[in-house]
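the following block contains a protein sequence and its predicted model.
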Amino acid sequence: MKTHVSTYAAVLLKRQWLSNKSFGIIISTPSGFEFEPGQRIRLSCGGHERDYSIVSAPKESDLNLCIRNVTGGKVSGFLSTAEIGTSLSIHGPHGYFTYKPSPRPAVFVATGTGIAPFCSMARSGLTDFTLLHGVRLPEDLYYATQFQQSARTYVPCLTESNKLPANAFKGKVTEYLEKHLPPAVYDFYLSGRREMIRDVTLLIDERFSDSLVYTEMFY
């Protein structure tokens, strides 16, 4: 686990819209910066700062971030229009939401851009996991190709679409867990909105007792 944190200078290299509300950016990796899959950085720009989990693997040459364009958001709004080549400041790495090898099956549960740390883990070579990604529409299934190749089981959970991709589930991640995940003892990794983490944790207590739960909250 990387625990030494420092402030680094970086540069915005590329921006790509992933959906009408979210985009990915690539920034240069500062010399000496190291991280573990699942960790995040604090990105500063325009006098404001925000934490973002890293999408890329440590072996990749640049840092990839997945960003939800929040209405009125100071950092996301700045990054959504900033010129390529803009100088940025990052601080980190931060966080302990990293994969812990275990004899128990790993179940990853994400909503929205909470998929980011799991993508970093998959890009780093992790394969033996089940992943549920809760979104509204198929266009919000960022990095689906990555998980179709790496996850043991990949289940998109869509709440507002009747046109479902292959192997998708119509409903919330909590509904899938309650109806389709066999009772057993698991290691759950939950990444996303506060409400999802609360609801899934309650369900785990009721249905999957003795399981371990690791969380990373996205605001």
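Good, I have the coordinates. Numbering: from 1, shown residues only.

use CA for all of it now, contacts and neighbours both
Noted.

tell me the pLDDT of residue 177.
The pLDDT attached to residue 177 in the predicted structure is 97.

so it, which of the three states?
When classified by DSSP: H, G, I helix; E, B strand; the rest coil, residue 177 comes out as helix.

give me the number of residues near it?
When neighbours are defined as other Cα atoms under 10 Å, residue 177 has 19 of them.

just residue 71 next, same as before
9.

any weak-confidence spans in this structure?
1-4, 219 (pLDDT under 70).

could you chop it up by domain?
For the chain, automatic domain parsing gives the domain ranges 6-94, 106-217.

those domains: which one's closest to residue 100?
In terms of Cα to Cα, the element of these nearest to residue 100 is domain 106-217, at 8.9 Å.

measure that closest one end to end?
18 Å (Cα to Cα, to the nearest Å).

now that domain, how far from the centre of its chain.
With Cα atoms, centre = their mean, to the nearest Å as the basis, domain 106-217 stands 10 Å off its chain's centre.

quick one, helices of this protein?
74-81, 116-123, 144-150, 173-180, 194-207 (DSSP state H).

so which of these is nearest residue 40?
Nearest of those to residue 40, taken as Cα to Cα: helix 116-123 at 8.0 Å.

helices or strands next to that closest one in the packing?
helix 144-150 (3 or more Cα pairs under 8 Å, 6 or more residues apart in numbering; DSSP states H and E).

helices or strands up against the helix it packs on?
helix 116-123.

residues contacting the helix it packs on, please?
Contact partners of helix 116-123, identified using Cα atoms under 8 Å, 6 or more residues apart in numbering, comprise 37-39, 53-57, 65-66, 97, 99, 108, 143, 146-147, 150-151, 191.

kindly report the same for stretch 126-139.
By Cα under 8 Å, 6+ apart, stretch 126-139 touches 18-19, 105-112, 115, 141, 147, 150-161, 164-165, 172-173.

and the closest residue to residue 11 other than its chain neighbours, what is it in contact with?
Among residues not flanking residue 11 along the chain, residue 87 sits closest, at 4.6 Å (Cα to Cα, 6 or more residues apart in numbering). When contacts are counted by Cα under 8 Å, 6+ apart, residue 87 touches 9-12.
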